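**Q** With the sequence up front, the predicted model follows.
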Amino acid sequence: MKINILGTGKIGGGLGEKWAAQGHQIIYGVRDPQNPKYQALAGKNVQFKTIPEAVSSSEIVVLAIPFPAVKDVLEKAGNLQNKLIIDTTNAIAGVPAGFQSAAEAVKNWSGSARVIKAFNSTGSANLRNPVYQGMRIETLICRDDVDAKKIVQKLAEEAGFEVIDAGSLNQAILLEYFAKLWIHLAYQQGMGAGIAFKLLRR
């Protein structure tokens, strides 16, 4: 599967590394793909292209950039109408006026009906190693497109997560508040980034 990741930081890099190891073609969309730092990272299953080139040549687009940059990047991305967009962002400073969640804004700005919220409610270190005491932690997802959900569930499982379907995209605000709780506990309360939530069943 060809996956475009917009963002080369800890989230985009961590997910890209996992999926490339599973045989997926990872295409990072960057402003200057000829930059030597990107050329050094390119290799088997990993490419760097301009943002519009990366988007047009991929089946899936992963937003792994700070939320304040999202609108500008989406405007540069080209036609996103039929793309499956995985939104990992959190509007930490607040959701733009007129929207209930970052995911809702992404859906509006992209014009895609296939936006899924995922991988946003835990720290980036947990994306690289989502196993605690022998248990896989979950990623919660919100979606409207059922077929897209199946694809993202498979990708999440390949990255080492269990998946919890939290409902339609209008529930994404709950996942974004969940992320704020994780950030608060990890940093404001001093618990550190090595923490995770786990859903247990009787």
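**A** Structure received.
**Q** What residues of the helix or strand bottoming out on mean pLDDT in the chain count as buried?
**A** Least confident helix or strand, the chain: helix 36-41 with a mean of 87, by mean pLDDT, DSSP states H and E. Neighbour-count burial for helix 36-41, with 16 or more other Cβ atoms under 10 Å as criterion, is recorded at Tyr38. For every residue, glycine as well, the C-beta is placed using N, CA and C.
**Q** Show me what the helix or strand just after it is packed up against.
**A** From helix 36-41 onward toward the C-terminus, using DSSP states H and E, the following helix or strand is strand 46-50. With contacts defined as 3 or more Cβ pairs under 8 Å, 6 or more residues apart in numbering; DSSP states H and E, the packing partners of strand 46-50 are strand 25-30, helix 36-41.
**Q** Of all residues in this protein, which one is nearest the centre?
**A** When the chain is reduced to its mean C-alpha position, the closest residue under Cα atoms, centre = their mean turns out to be Thr88, at 3.2 Å.
**Q** Next, the contact list for that residue, please.
**A** By Cβ atoms under 8 Å, 6 or more residues apart in numbering, the residues touching Thr88 are 11, 15, 62-64, 118-120.
**Q** go with 10 Å
**A** Thr88 makes contacts with 5-7, 11-12, 15, 62-65, 67, 102-103, 116-121, 124, 127, 139, 179, as judged by Cβ atoms under 10 Å, 6 or more residues apart in numbering.
**Q** give me the low-pLDDT residue ranges for the chain?
**A** Counting by pLDDT under 70, not a single residue of the chain qualifies.
**Q** could you pull out the strands for it?
**A** Read by DSSP state E, the chain holds these strands, from start to end of the chain: 2-6, 25-30, 46-50, 60-63, 84-87, 115-117, 131-132, 135-136, 138-141, 162-165.
**Q** Next one: the residue nearest to the centre of the chain from Met135, what distance?
**A** Between Thr88 and Met135 the computed distance is 22 Å (Cβ to Cβ, to the nearest Å).
**Q** Now Val106: closest residue in space that isn't a chain neighbour?
**A** Residue nearest to Val106 in three dimensions, not counting chain neighbours: Asp87, with 4.8 Å by Cβ to Cβ, 6 or more residues apart in numbering.
**Q** from memory that neighbour sits against Ala148, does it?
**A** No: when contacts are counted by Cβ atoms under 10 Å, Asp87 is not listed as touching Ala148 (11.7 Å).
**Q** Touching both of those two, which residues are there?
**A** Overlap between the contact sets of Asp87 and Ala148, as judged by Cβ under 10 Å, 6+ apart, is given by 115-116.
**Q** So which of the two has more stuff around it?
**A** Legend: neighbour count by other Cβ atoms under 10 Å for Asp87 and Ala148, higher for Asp87 (30 against 21).
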